[in-house]
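>>> following is a predicted model, sequence given first.
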Amino acid sequence: MIKKDNSAPEFTLKDQHGQTFSLADMKGKKVLLSFHPLAWTPVCRDQMLSLEKNFDRFSKLKYRSSGNKCRPYTIQESVG
């Protein structure tokens, strides 16, 4: 986990809309990243709902948010 006032490593990925997201492009901005490797589970669902519910709050605080899907796992892969 990255601690407050520390920098995250540079990376580039696709966001929830298929657009390229590069951390370098966000330099000097507040960034909220949400990763969902098991998007079909209750945990990820609840996380996404919480972020959606608080979207206006994050916007007022001038956060740039990005929802990111990791490599999708199947049920069989996740339970072993």
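Everything's here; your move.

>>> what pLDDT does the most centrally placed residue in the chain get?
The residue lying closest to the centre of the chain (Cα atoms, centre = their mean) is Ser34, at 1.8 Å. For Ser34, the pLDDT comes out at 77.

>>> doesn't it belong to a helix?
No - according to DSSP: H, G, I helix; E, B strand; the rest coil, Ser34 belongs to no helix; its state is strand.

>>> quick check, His17 in a strand?
No - His17: not assigned to a strand; according to three-state DSSP it is coil.

>>> could I get the contacting residues of it?
Counting by Cβ atoms under 8 Å, 6 or more residues apart in numbering, His17 touches no other residue. All C-beta atoms are positioned from the backbone trio N, CA, C, and that covers glycine.

>>> just the pLDDT for it.
The model reports His17 with a pLDDT of 75.

>>> quick revisit: beta partners for the residue nearest to the centre of the chain?
Taking DSSP bridges as the rule, Ser34 bridges to Gly67.

>>> mind checking how far it is from Val43?
12 Å (Cβ to Cβ, to the nearest Å).

>>> tell me which element the closest residue to Phe55 other than its chain neighbours is part of?
Distance criterion Cβ to Cβ, 6 or more residues apart in numbering; nearest residue to Phe55, sequence neighbours excluded, is Ser65 at 7.2 Å. Using DSSP states H and E, the element containing Ser65 is strand 63-68.

>>> let me see the mean pLDDT of that strand.
In this model, strand 63-68 has a mean pLDDT of 71.

>>> which ones are touching the residue nearest to Phe55?
Applying Cβ under 8 Å, 6+ apart to Ser65 gives the contacts 31-34, 51, 55, 58.

>>> test my guess that the residue nearest to the centre of the chain contacts Ser50.
No - in this structure, Ser34 is not within contact of Ser50 by Cβ atoms under 8 Å, at 9.5 Å.

>>> quick one: stretch 42-57 to chain centroid distance?
Computed by Cα atoms, centre = their mean, to the nearest Å, the chain-centroid distance of stretch 42-57 equals 11 Å.
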